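S.K.: predicted model and sequence below, questions to follow.
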Amino acid sequence: MVSEAADIALFGAYLVLLAGVAVQYYRGAIPRRRLTMLVGLCCTWLAYGLLQLTDDGPLPADGPMNLALNGLSVVFLVVGLYLLYRWYRTRDPGEDAPEPGD
């Protein structure tokens with residue numbers, strides 16, 4: 001299993017990644033279709049990171065904060081999966097994976 005410090009660092013990295021996506025969208029470097037996919041991915045990663053914090057991480061396993069973060073992780077997972085589904089349904093049929101450096 002991963003150490004507690006690595007769990008916190010992983011969750012922080014996912015938050016920084018989500019902030020980076022938001023900044024790139026604000027600057028116009030990411031189209032709206034790709035934004036839906038990237039935010040969906042970030043939400044699913046945040047759900048995983050929150051579960052790592054609450055499972056064997058630094059939070060007590062039986063406290064109300066643990067239950068709240070578990071609920072929040074479920075919400076992030078559902079939102080992320082919905083955004084990925086929405087991206088999949090609205091993408092162009094001929095659209096392939098992005099080219100390296102794109």
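M.R.: That came in fine, so what should we check first? Residues are numbered from 1 along each chain as shown.
S.K.: quick check: mean pLDDT of the strand or helix carrying residue 11?
M.R.: Following DSSP states H and E, one finds residue 11 within helix 4-27. For helix 4-27, mean pLDDT rounds to 83.
S.K.: packing partners for that helix?
M.R.: If contacts are counted by 3 or more C-beta pairs under 8 Å, 6 or more residues apart in numbering; DSSP states H and E, helix 4-27 sits against helix 32-55. Every residue, glycine included, has its C-beta placed from N, CA and C.
S.K.: got the buried residues for the helix or strand just after the helix it packs on?
M.R.: Next helix or strand after helix 32-55 toward the C-terminus (DSSP H and E): helix 64-90. Within helix 64-90, the residues that qualify as buried are 66, 69-70, 73, 76-77, 79-80, 83-84, 87, counting by 16 or more other C-beta atoms under 10 Å.
S.K.: nearest to residue 30 among these?
M.R.: residue 87 (12.5 Å; C-beta to C-beta).
S.K.: chain neighbours aside, what residue packs nearest to residue 83?
M.R.: Excluding the flanking residues, the one nearest residue 83 by C-beta to C-beta, 6 or more residues apart in numbering is residue 40, at 3.2 Å.
S.K.: what about the helix holding residue 11, distance to the chain center?
M.R.: Taking C-alpha atoms, centre = their mean, to the nearest Å, one finds the center of helix 4-27 at 8 Å from the center of the full chain.
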